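>>> I need the structure of the sequence given here:
(chains A and B)
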Amino acid sequence: GDSVTQTEGQVTVSESKSLIINCTYSATSIGYPNLFWYVRYPGEGLQLLLKVITAGQKGSSRGFEATYNKEATSFHLQKASVQESDSAVYYCALSPNSAGNKLTFGIGTRVLVRP
Amino acid sequence: EAAVTQSPRNKVAVTGGKVTLSCNQTNNHNNMYWYRQDTGHGLRLIHYSYGAGSTEKGDIPDGYKASRPSQENFSLILELATPSQTSVYFCASGELGDQDTQYFGPGTRLLVL
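Numbering: from 1, shown residues only, chains lettered A, B, ... in the order given. As a prediction, this is how the structure comes out:
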């Protein structure tokens, strides 16, 4: 079946420094999957951060970027300069490029930004 | 105003008891989902629904039932709760034409003693 592997555990980074969270995927469906980053802020539900449905394209939101690399089957999330408000749990996810609307999630990466 | 709400937000239950988790969405989406999230796992799909009256098994349906009485409401039912069902449960809604984007509720933390 489909699977998503991302940076495990917690990442601690100082404010204004750069951040990268690694995500690689394996999809068994025909065609390329849709790729997502979701974020969960403390006390809230998951919310979509960005998505990319076309291989080779880049998505961006709130200063975060992720590029759909079909050769490396990767979708790493990056931000050049983090803020304390970026402290959250980040989830990489995919859905098959077919009818079904089902998401497969990575385990989540907790990001702690220190002031 | 939140588009996907869940109740209760926290629940303590006893082993063997019945638990019902409720989800309401105002997005007018056809699809709704129930996930659980445990340490060391991503969100795992328990049940989902394509519309009122429909329920489908997800990846880990054992021990759970689901009910979709209306477009807006989707419940997850634990008929005989067990400690292994202690988890955080998330409900979500989505529309097939929205490239599989899902919109999540805030979660319900369930502790089964």
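>>> report the helix or strand with the lowest average pLDDT across chain B.
strand B:102-104 (a mean of 91; mean pLDDT, DSSP states H and E).
>>> and it, what does it pack against?
Strand B:102-104 is packed against strand A:46-52, strand B:87-94, with contacts defined by 3 or more C-beta pairs under 8 Å, 6 or more residues apart in numbering or on different chains; DSSP states H and E. Quick note: C-beta positions are derived from backbone N, CA and C, even for glycine.
>>> what lines up beside the first one in the sheet?
Looking at strand A:46-52 with DSSP bridges, its partner strands are strand A:34-40 (antiparallel).
>>> buried ones in the strand it pairs with, by neighbour count?
With burial defined by 16 or more other C-beta atoms under 10 Å in any protein chain shown, the residues of strand A:34-40 counted as buried are A:Asn34, A:Leu35, A:Phe36, A:Trp37, A:Tyr38, A:Val39, A:Arg40.
>>> make TSV from these and add distance to A:Gly63 and pLDDT to it.
Listed next are these as TSV, based on distance: C-beta to C-beta, whole Å; pLDDT from 0 to 100:
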residue	distance to A:Gly63	pLDDT
A:Asn34	22	90
A:Leu35	19	93
A:Phe36	17	94
A:Trp37	13	97
A:Tyr38	16	96
A:Val39	12	96
A:Arg40	18	94
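>>> list the neighbouring strands of whichever strand or helix holds A:Thr12 plus their orientation.
Using DSSP states H and E, A:Thr12 sits in strand A:10-14. If you go by DSSP bridges, strand A:10-14 pairs up with strand A:109-114 (parallel).
>>> what does chain B have sitting close to chain A?
Counting by C-beta under 8 Å from any C-beta of the partner chain, chain B comes close to chain A at B:4, B:31, B:35, B:37, B:40-45, B:48, B:58, B:90, B:92, B:94-96, B:99-107.
>>> mind listing what B:Pro8 touches?
B:Pro8 makes contact with B:Leu21, B:Thr108, according to C-beta atoms under 8 Å, 6 or more residues apart in numbering or on different chains.
>>> now it: phi and psi?
Here is the backbone geometry of B:Pro8 (degrees, to the nearest 10): phi -70, psi 170.
>>> show me the strands in the chain, by range?
No chain specified, so I'll use chain A. Secondary structure of chain A, counting by DSSP state E: strands at A:3-6, A:10-14, A:19-21, A:23-26, A:34-40, A:46-52, A:58-61, A:64-67, A:77-79, A:88-95, A:104-105, A:109-114.
>>> ah, no, chain B please
Using DSSP E, the strands of chain B run over B:4-7, B:10-13, B:19-25, B:31-37, B:44-49, B:56-57, B:65-67, B:73-78, B:87-94, B:102-104, B:108-112.
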